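Visitor: Here is my input; please provide its structure:
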Amino acid sequence: VQLVESGGGLVQAGGSLRLSCVASGRPSTNYAMGWFRQAPGKERESVAAISRSGGSKNYGDSVKGRFTISRDNAKETVYLQMNSLKPEDTAVYYCAAHFVIDYNRASLDPDLYDFWGQGTQVTVSS
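Guide: Take a look at the predicted model:
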């Protein structure tokens, strides 16, 4: 699976961005999908995950209530809607795919993810 993220950019604190991740090569419906981020000098952080069905979603504690993950399987695309952005959300955001049998599993464990995109930069100014 090849993953290509887009939608990053520079936004003021309190603003919104929507990231997109387009999958190709294999049917994305075979994969749970996740978003992860990494800021300079910091460890990778799990942001959100969505199951193959789209019915199960999990979020990292720092983004709960502000970010929403969704997927459109017909378009082979996963989205991350980010609202009420804070300067501490500044990072490179990566999309990843996890091959999974369970149709309703949405893991935030990055070690389970098999394929990764190249990342898109999100910068939130104060």
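Visitor: ok, and what's touching stretch 62-81?
Guide: The contact list for stretch 62-81 (Cβ atoms under 8 Å, 6 or more residues apart in numbering) reads 16, 18-24, 27-29, 33, 35, 45, 47-50, 54, 57, 59, 82-85, 88-89, 93, 95. To be clear about C-beta, it is placed using only N, CA and C from the backbone, and glycine gets the same treatment.
Visitor: go on, stretch 95-109?
Guide: Applying Cβ under 8 Å, 6+ apart, the external contacts of stretch 95-109 come out as 1, 3, 5, 19, 21, 23, 28, 30-36, 46, 48-53, 55-58, 60, 78, 110, 112-117.
Visitor: next one: it to chain centre, how far?
Guide: Put simply, stretch 95-109 sits 12 Å off its chain's centre (Cα atoms, centre = their mean, to the nearest Å).
Visitor: Could you give the average pLDDT over it?
Guide: Mean pLDDT, taken over the full extent of stretch 95-109, equals 95.
Visitor: how much space between the residue nearest the centre of the chain and Ser126?
Guide: The C-alpha lying nearest the average C-alpha coordinate of the chain belongs to Trp35 (Cα atoms, centre = their mean; 2.1 Å). Here the criterion is Cβ to Cβ, to the nearest Å. By it, Trp35 lies 23 Å from Ser126.
Visitor: how about Thr68, secondary structure?
Guide: strand (DSSP: H, G, I helix; E, B strand; the rest coil).
Visitor: try the one 10 residues further on
Guide: Using three-state DSSP, the secondary structure recorded for Val78 is strand.
Visitor: Show me the beta-bridge partners of it.
Guide: Cys21, Arg71 (DSSP bridges).
Visitor: before we move on, back to that, so the closest residue to the residue nearest to the centre of the chain other than its chain neighbours is in which element?
Guide: Distance criterion Cβ to Cβ, 6 or more residues apart in numbering; nearest residue to Trp35, sequence neighbours excluded, is Val47 at 4.3 Å. Using DSSP states H and E, Val47 sits in strand 45-50.
Visitor: Give the burial count for Thr123, as a bare number.
Guide: Thr123: 15 surrounding residues under other Cβ atoms under 10 Å.
Visitor: Just the pLDDT at it, thanks.
Guide: For Thr123, the model assigns a pLDDT of 98.
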